[in-house]
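>>> structure for the following, please:
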Amino acid sequence: MKSQDTPFEGGPMDGRVLPVLLGMTGHPPKTYRIPVPDPAGGKPTVLVYRRVPRGHSRRLGVPQGWKYVYDPTGKGGSGGGRPKWPWSKPDATDG
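Numbers count the residues shown, from 1 in each chain. Just a heads-up that it's a prediction; the model follows:
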């Protein structure tokens, strides 16, 4: 498996660079979830980061790499990773 050093912005991981495994397309995953254990032994807190382009080329507008930006809502983009089909019921948190 290939990995790529990817920077993180915002939240507790701000300024850190971690090796992230790449998928079959050669891109890192759209969301990156980091479980943080609770010191009191309770449920772990999950930090959610969204993938955004690091920059674009001038001529073609192709992404020049990726970085992760902190998502304080914790949804990670499309509401928990499920596709939004027209026939799907809306989530209780949406709307």
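
>>> pLDDT weak spots in the chain?
75-83, 90-95 (pLDDT under 70).

>>> and the strands in it, which stretches?
Remark: strands assigned in the chain by DSSP state E are 3-9, 17-21, 31-36, 45-53, 66-70.

>>> could you single out the most deeply buried of those?
strand 66-70 (a mean of 18; mean count of other CB atoms under 10 Å). To be clear about C-beta, it is placed using only N, CA and C from the backbone, and glycine gets the same treatment.

>>> so for stretch 57-65, first residue to last residue, what's the gap.
For stretch 57-65, the first and last residues are 10 Å from each other (CA to CA, to the nearest Å).

>>> please list the residues outside that stretch that contact it.
53-56 (CB atoms under 8 Å, 6 or more residues apart in numbering).

>>> which two of those have the greatest separation?
The distance between the two most remote of these (CB to CB) is 8.8 Å, for Arg54 and His56.

>>> what would the strands of the chain look like in JSON lines with distance to Trp87?
Converted to JSON lines, the strands of the chain look like this (distance: least, CB to CB, whole Å):
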{"stretch": "strand 3-9", "distance to Trp87": "35"}
{"stretch": "strand 17-21", "distance to Trp87": "33"}
{"stretch": "strand 31-36", "distance to Trp87": "24"}
{"stretch": "strand 45-53", "distance to Trp87": "26"}
{"stretch": "strand 66-70", "distance to Trp87": "31"}
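
>>> quick one: closest of these to Ser88.
Of all those, it is strand 31-36 that lies closest to Ser88, at 18.7 Å by CB to CB.
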